[in-house]
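Colleague: Predicted model follows, preceded by the sequence.
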Amino acid sequence: MQLKGRSRKAVLADLKKIRAKDSQYMDGRILCSMCTEPHPAAKAAHKLFLSANLGDAGLFPGTSQLEKEVIGNLATLLSNEKAVGFIVSGGTEANLLALLAARNRAGVSNPEVVLPQSAHFSFNKICSLLRIKPVQASLDSSFRVDPAAAKNCISKNTIAIIGTAGTTELGAVDPIGKLSEIAVAHGIHLHVDAALGGLMLPFMENAPICDFRLEGVASITVDPHKMGLATVPAGGILFRDSTYLEYIKTETPYLTENAQYTFVGTRSGASAAATWAVFETLGREGFTKTVNRVLKLTQFLSVRLKALGFELVTEPTLNIIAFRCSNSKLLARALQQRGWFVSYVPHLDCVRIVVMPHLKKLHITTFLQELTAHTKTHQK
Ligand code: PLP
């Protein structure tokens, strides 16, 4: 930091130059992110609530009301009017709160969690932080957790079972109904990580049931900063009822409210306002349209990839496509060098694409053209 400050104009000019180095979702070349360009209503709301801190909610009753309404909307979408929860910093914090509640509720001395091999890496951080032993459950041929394998992982120390509704790598939806039956039979907390799928499945026809209609589901992660088109950071955690909150409560003697239930202390009110603004602006109809558009685009891309001779790792359930060729790692690198941000997943040896709302058909057709050109040159 310099001794003397500079003019706001000069600082902003520098910031604009630096920002220009970042990739922009709207350029249509980011094919690997679960985040997207926020809805214009979210951006406007975020700006309006920049200073609102939900960590000291008594000072911000308006923002607090918005958070309650957002959670109420999510509770309705996930089929349980009694669900309670918070807008947090992301899927990682949401998953952390779920496992914290499950661990404290179970009260066992050597806690273990049944973790499908496909679970998000946030659970590795969480297990390390909370000193919970992860016990890995294997997957079936569709890359969904095998319920029998999950059942075999249960011991007297099991405090939770994790199911994912929209895995990070493939968008697979675990058999949550079967996991729920197992959870009920063993009296274990079932947490559904629907960070991605939570704002897709409720708007899809014939979607598998993954929500609180299933008796065993105790908590659900659903992230507005993914398919909810909200500004970053906006994660969401919902618990079946308010009894779970006792297990994640921390007393906060000097604040306007005497308890907090989130891990993060000072907490973005702008995120709750942005989420509220998107929900109000889009409504169920708008979400249904957005979800159908990305699913249609995903289908279009997967058909074209197959026609080009690529092998799909699995048929897409949501908006994620993973495909292979004889040297997928090299292909991913070549695409990256041409300015396409795709992921390479080493353990599946595939290229992965997430079709988020910032992608238009033109982006996908341009990508396919370049992929075709690359493949032809490569084959020569
Ligand atoms: N859960 C799933 C299924 C995810 O895909 C992700 C992120 O991609 C997370 C949790 C973690 O979310 P965040 O990065 O918002 O903490």
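Modeller: Yep, that arrived.

Colleague: Please count neighbours and contacts with C-alpha atoms only from this point.
Modeller: OK.

Colleague: Buried residues, the longest helix along the chain. List them.
Modeller: Looking across the chain with DSSP state H, the single longest helix is helix 269-307. By 16 or more other CA atoms under 10 Å, the buried positions in helix 269-307 come out as 269-279, 281, 287-288, 290-295, 297-299, 301-302, 305.

Colleague: so how far is that helix off the chain centroid?
Modeller: Its chain's average C-alpha position is 13 Å from that of helix 269-307, according to CA atoms, centre = their mean, to the nearest Å.

Colleague: Quick one: mean pLDDT for that helix?
Modeller: Average pLDDT, helix 269-307: 98.

Colleague: Could you list every helix and strand in contact with that helix?
Modeller: helix 40-48, helix 61-77, strand 311-312, strand 320-324, helix 361-379 (3 or more CA pairs under 8 Å, 6 or more residues apart in numbering; DSSP states H and E).

Colleague: in stretch 41-60, what counts as buried?
Modeller: For stretch 41-60, burial by neighbour count (16+ other CA under 10 Å) applies to 41-46, 49, 52-57, 60.

Colleague: Give me the residues contacting stretch 121-141.
Modeller: In this structure, residues lying in contact with stretch 121-141 by CA atoms under 8 Å, 6 or more residues apart in numbering are 91-92, 95-96, 99-100, 110-118, 145-146, 149-150, 153.

Colleague: near the ligand, which of those residues show up?
Modeller: Restricting those to those touching the ligand (CA under 6 Å from any ligand atom) yields Gly91, Thr92.

Colleague: could you flag which of the contacts of stretch 121-141 are buried?
Modeller: 91-92, 95-96, 99-100, 111-116, 118, 145-146, 149-150, 153.

Colleague: Narrow these to those in helices?
Modeller: Gly91, Thr92, Asn95, Leu96, Leu99, Leu100, Ala149, Ala150.

Colleague: neighbours around the nearest residue to the second one once chain neighbours are set aside, how many?
Modeller: The shortest distance from Thr92 to any non-neighbouring residue, by CA to CA, 6 or more residues apart in numbering, is to Ser122 (5.4 Å). Around Ser122 there are 14 other residues, counting by other CA atoms under 10 Å.

Colleague: From the ligand, how far off is Ser122?
Modeller: With distances taken as CA to the nearest ligand atom, to the nearest Å, Ser122 is found 6 Å from the ligand.

Colleague: ditto for Gly90
Modeller: 4 Å.

Colleague: got it, and Thr288?
Modeller: 21 Å.

Colleague: And the strands in the stretch 151-300 of the chain, which stretches?
Modeller: For the stretch 151-300 of the chain, strands defined by DSSP state E, counting those that start in this stretch occupy the ranges 158-164, 189-193, 217-221, 235-239, 250-251, 259-260.

Colleague: Sweet, I'm off.
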